[in-house]
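Participant: What follows is a predicted structure for the sequence shown.
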Amino acid sequence: MSKRQWKCNLSREEIVRLKSEGRSVREIARLAGVTAPAIQYYLNPEPTKRRTREFYRNLDENKKEDYRKEQRRFQGNSQKLSLILKPRQVRGGIAWTIQELEYLQENAKIKTALEIAIALKRTYHSVKHAAQRYQIPLK
């Protein structure tokens with residue numbers, strides 16, 4: 001790891017288990033409270049090769065064009081993702097529905113906070129916070 005400390009709500013074993021169950025990296029990142037690239041790096045800690053000017057200069061013209069297309073595609077996907085996620089970035093988050101709170105109340109002693117978070121498509125932290133706010137003891 002780098003000088004920064006890993007601030008993830010999930011352990012490495014839980015991340016690997018969720019990935020092996022077929023969960024997307026984006027969904028795991030949302031549950032863990034970190035970004036998707038952080039999860040990808042955590043799953044594969046090999047240092048990524050940074051594309052330097054020398055790397056780009058040494059490419060032939062066909063490869064340069066492929067590289068440019070890849071960069072444009074990546075930037076377009078990033079913009080689309082930011083448009084999708086913007087409504088969820090409101091202060092205070094998304095309000096809990098009565099059905100979600102009932103599910104939390106019924107399953108708090110049976111399931112872990114992570115399992116409840118997956119079922120409700122909420123973050124691990126939001127489940128912990130709701131349980132604390134409504135005085136529901138978790139497993």
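Facilitator: It's in. Small disclaimer: the values here were computed from a predicted structure and weren't measured.

Participant: Domain-wise, how is this structure divided?
Facilitator: 8-48, 50-89, 93-139 (automatic domain parsing).

Participant: Mean pLDDT and mean neighbour count added to these, as a markdown table?
Facilitator: C-betas here are computed from N, CA, C, even on glycine. Converted to a markdown table, the domains of the chain look like this (pLDDT from 0 to 100; neighbours: other Cβ atoms under 10 Å):
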| stretch | mean pLDDT | mean neighbour count |
| --- | --- | --- |
| domain 8-48 | 82 | 15 |
| domain 50-89 | 67 | 10 |
| domain 93-139 | 88 | 15 |
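
Participant: got a list of what the spatially most central residue of the chain touches?
Facilitator: Nearest to the mean C-alpha position of the chain, by Cα atoms, centre = their mean, lies A29 at 1.3 Å. Counting by Cβ atoms under 8 Å, 6 or more residues apart in numbering, A29 makes contact with 35-36, 38-39.
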